[in-house]
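1. Predicted model and sequence follow; I will ask about them next.
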Amino acid sequence: MNDDSIQEAASFVESDATVLLVDDEEMVLNSLQSFLELETEYNLRSFTTPAAALEYAMDGPVDVVVSDFLMPEMNGIELLGRFSEKHPHAPRILLTGYADKDSAIRAINDIGLFQFIEKPWDNTNLLVVLRNALERRYLVKTLQEKIAEIDRAQGKLSGLQNDILRTFI
């Protein structure tokens, strides 16, 4: 990474990112949102129901998702699995007071869970996890853009090769 890329990554991680928070307990959701509003410049979107979060995700930007595990409509693993269909590169974080290590391992394997955080969370740890998740998201996004550039260049090169071959045939 050159200096410009590092600067862009830092900017994305600090302010341009959209973070979805999903928890059916309003007190937990308000606590998370208030803390992150004070400590970051992320674009925060909060939802008390998985259905509302999924509806937003159909057209809205999503860079990282933080979801509670136990919710009435569907559990957090199911929700994050649905997010992975629409936003496959957005890191998914499971936040729960239900310390079920088997579920966490299953989530890591089944839906590519980025991190499992137990309630009550440590604010410093939460910030580090979000920063790392957003940095990963930025790097994946940058890699996708570079691959697209290579594909375009390969297409142009193939076209030039075909033109040269037609000239000599």
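-> Done, it's in. Residues are numbered from 1 along each chain as shown.

2. For this structure, which residues score under the pLDDT cut-off?
-> When residues are selected by pLDDT under 70, those of the chain lie in 1-15, 98-101, 103-104, 107, 169.

3. where do the helices sit along it?
-> For the chain, the helices defined by DSSP state H occupy 3-11, 26-39, 50-59, 76-86, 101-111, 123-168.

4. tilt between the longest one and helix 26-39?
-> Here helix 123-168 runs at an angle of 70 degrees relative to helix 26-39 (axes from the mean of the first three to the mean of the last three C-alpha atoms, to 10 degrees).

5. Offset the numbering so it begins at 886, please.
-> Yep, numbering from 886; the last one is helix 1008-1053 now.

6. re earlier: tabulate the helices of the chain (a markdown table), appending distance to Ile978.
-> In this view, the C-beta of every residue, glycine as well, is placed from N, C-alpha and C. Output for the helices of the chain, formatted as a markdown table (distance: least, C-beta to C-beta, whole Å):
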| stretch | distance to Ile978 |
| --- | --- |
| helix 888-896 | 19 |
| helix 911-924 | 11 |
| helix 935-944 | 13 |
| helix 961-971 | 8 |
| helix 986-996 | 10 |
| helix 1008-1053 | 6 |
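
7. Buried deepest among those, which one?
-> Of all those, helix 961-971 has the most neighbours on average by mean count of other C-beta atoms under 10 Å, namely a mean of 20.

8. So which elements touch that one?
-> Counting contacts by 3 or more C-beta pairs under 8 Å, 6 or more residues apart in numbering; DSSP states H and E, helix 961-971 packs against helix 935-944, strand 949-953, strand 977-981, helix 986-996.

9. Between these, which one is closest to Asn928.
-> Nearest to Asn928, of all the helices and strands packed on helix 961-971, is strand 949-953, at 10.8 Å by C-beta to C-beta.
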